[in-house]
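**Student:** Take this sequence and fold it.
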Amino acid sequence: NELYLKRLIVGGFDGVYEYSKNFRNEGMDRTHNPEFTAMEIYVAYKDYNWMMEFTENLLEHCAVAVNGTSEATFGKHQVDFKAPYGRITMTDAIKKFTGFDITGKSEKELFEAAKDMGIEVDETMGKGKLIDEIFGEKCEGNFIQPTFITDYPKEMSPLCKEHRENPELTERFELMVCGKEIANAYSELNDPIDQRNRFEEQLKLSEKGDDEAMFIDHDFLRALEYGMPPTSGLGIGMDRLIMFLTNKQSIQEVLFFPQMRPEKKAATPKPEDFIKIGVPQEWVDTVMHEFGTVAKLKEQKHTQVHQKLNGLRKKNKLPIAALQLDEVEKWFE
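**Tutor:** This next block holds a predicted model:
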């Protein structure tokens, strides 16, 4: 719903928010579900610095409302949602936990560095995806207390405004708690020319095989051409946040309709099932049509089955021999 909410900012709203069901065609694990609830908010004339303060104050308020204190227990961790939160740039986080500096590195250098770190990568990954894999594998799990990861490389953030001091970066943050991301926010990109170029770069990645790359949204570009004020946006994964506030170890525990086991279906009857109990080959189709399964057939009395089948034979003028009572009786042995 991101691009639609931004269109409302273009249309003159100074602030909009929405709770919505999102769906991503991805796998499931303890903290991921393909369908999830997100809260998104967009505020005109604000930037990501303002949004960081808003986010930490919001989550402190939520923690106190749920538990009566800013502290929450999650598994073996005691997490304190009291503002302010720690902040570290994406570049410094990777340097801290891997010793590798991503600044100015080419796609090939990032690919080789990731392989040297034992990270599974492939040729479809561009610079942004490679950096994301390095951070996810080597850094993310180290952030237990709420921490803002800031200033992401431009390749990772196609909808995010260029950093005011470094054109290689963007004004973006993600909030990490217990090694997982629960919030993602930007100073929103409101330059239609820059946005078109970013979409075109995403299209190249898509053609290369990156199934997470974005498509070109021409309606959104047209909206930006009318003019969007400087804006900051934030998205929070509500299900995961509720997990952390209520000490639930699986996202399934906080969903109203969690993934359930497939409904058990009765086995489809086969002609062999009836032949096995002695039903003549020429009678199998009629018996299957009338009784469905061997189990349902045996719920009847053999005398009733004998009368019913011979009655059908006579009524429908079936070109098959009549059944004898002792013959039918053997089916029930």
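**Student:** Show me where this structure has its strands.
**Tutor:** 15-23, 35-44, 71-74, 77-80, 86-89, 147-150, 172-177, 180-187, 231-237 (DSSP state E).
**Student:** Which among these is found nearest to residue 330?
**Tutor:** Of all those, it is strand 35-44 that lies closest to residue 330, at 53.9 Å by C-beta to C-beta. C-betas here are computed from N, CA, C, even on glycine.
**Student:** Could you give me the buried positions within stretch 178-191?
**Tutor:** Residues of stretch 178-191 classed as buried by neighbour count (16 or more other C-beta atoms under 10 Å): 178, 180, 181, 182, 183, 184, 185, 186, 187, 188, 189, 190.
**Student:** gap between the two ends of that stretch?
**Tutor:** 35 Å (C-alpha to C-alpha, to the nearest Å).
**Student:** tell me the mean pLDDT over that stretch?
**Tutor:** The predicted model assigns stretch 178-191 a mean pLDDT of 94.
**Student:** With residue 129 as the reference, measure out to the nearest residue to residue 237 once chain neighbours are set aside.
**Tutor:** By the measure of C-beta to C-beta, 6 or more residues apart in numbering, the closest residue to residue 237 outside its immediate chain neighbours is residue 182, 5.6 Å from it. As for residue 182, its distance to residue 129 is 21 Å (criterion: C-beta to C-beta, to the nearest Å).
**Student:** try residue 239
**Tutor:** 25 Å.
**Student:** do residue 70 as well
**Tutor:** 36 Å.
**Student:** Between these two, tell me which one has more neighbours.
**Tutor:** Legend: neighbour count by other C-beta atoms under 10 Å for residue 70 and residue 129, higher for residue 129 (21 against 16).
**Student:** per-residue pLDDT, that one?
**Tutor:** 89.
**Student:** can you map out the helices along the chain?
**Tutor:** Using DSSP state H, the helices of the chain run over 2-10, 48-67, 90-98, 107-116, 127-138, 192-208, 218-226, 238-246, 271-276, 284-291, 294-297, 302-316, 325-331.
**Student:** what's the offset of the longest one from the middle of its chain?
**Tutor:** When you say that, I think you mean helix 48-67. 24 Å (C-alpha atoms, centre = their mean, to the nearest Å).
**Student:** before we move on, what about the shortest one?
**Tutor:** Taking C-alpha atoms, centre = their mean, the mean C-alpha location of helix 294-297 is offset from the chain mean by 44 Å.
**Student:** pLDDT on it, on average?
**Tutor:** pLDDT averaged over helix 294-297 gives 88.
**Student:** All set, thanks.
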